[in-house]
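1. fold the following, please.
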Amino acid sequence: MKSKYFIIAALVLFGIVAMRFLVQTDEKKVRTQFSLLAEWVSKEPDESLVTTSHNIQHIATLFADPCAFKADIISFTGSYTPDEIAGFAGRGRFSVSYLTLKFYDLDIIFVQEGVAQATVTAKLTGKTKSGDILEATHELKTVLTKAEGKWRFSRVEVVEVLQK
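-> Residues are numbered from 1 along each chain as shown. As a prediction, this is how the structure comes out:
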């Protein structure tokens, strides 16, 4: 009789643990958007045209329509459609032989249902086709909104950090 209750308790506990890992929380979904952005912006030195096209097309799926950008350091400020953003990213990727985007110290705050503010450090490294080395690290303030069950970037701001 005791083994029957033990088995039932073990199955219930297993079910709870399985649900915890299988069901993605909104925080995990927001973190995934940053991971996908880093993956699709990055470019390998031997990347094929098919992979390049795939990545550029998928970048558009990460952004709301419209998405507001504020990046005064590169004079890129305004509201853009996902296709425009993908176009800008594509032109940038074609001018480099390799590119890596990594995010660090991601901090997410859910300010209301369906709206998340995220602050993150972004590091971009690479090499232009002319041989110039690219290296930039900036803090980003972003807003992601949830529509139709998907989190998308609706605002991206590059924060100018004073350096010593």
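2. low-confidence bits of the protein, can you list those?
-> 1-2, 4-23, 161-164 (pLDDT under 70).
3. list the contacts of the residue at minimal distance from the centre of it.
-> Nearest residue to the geometric centre of the chain (Cα atoms, centre = their mean): residue 34, 1.9 Å. Residues near residue 34 by Cβ atoms under 8 Å, 6 or more residues apart in numbering: 103, 106, 118, 120. For the C-beta atoms, the positions are set from N, CA and C on the backbone; glycine is no exception.
4. 7 Å - rerun?
-> Residue 34 makes contact with 103, 106, 120, according to Cβ atoms under 7 Å, 6 or more residues apart in numbering.
5. quick check: which element contains the second one?
-> In this structure, residue 106 sits in strand 96-112 according to DSSP states H and E.
6. what do you get for residue 155?
-> strand 150-159.
7. before we move on, what about residue 86?
-> In the assignment (DSSP H and E), residue 86 maps to helix 82-94.
8. hmm, who's touching that helix?
-> In contact with helix 82-94 (Cβ under 7 Å, 6+ apart) are residues 41, 43, 52, 56-57, 59-60, 63, 65, 67, 99.
9. for stretch 53-73, same thing?
-> 33, 36-37, 40-41, 76-83, 85-86, 89-90, 93, 145, 147, 152-158, 160.
10. out of the residues you listed, which are buried?
-> 33, 37, 40-41, 80, 82, 85-86, 89-90, 93, 152-158 (16 or more other Cβ atoms under 10 Å).
11. list the buried ones in stretch 119-135?
-> For stretch 119-135, by 16+ other Cβ under 10 Å, it's 120-122, 124, 126.
12. out of the residues you listed, which are inside strands?
-> Here DSSP state E is the test, and these give 120-122, 124, 126 as lying in strands.
13. among these, which two are most distant?
-> 120 and 126 (18.7 Å; Cβ to Cβ).
14. still on that earlier bit, parallel or antiparallel, list what pairs with the strand holding residue 155.
-> Paired with strand 150-159 in the same sheet, following DSSP bridges, are strand 63-71 (parallel), strand 133-147 (antiparallel).
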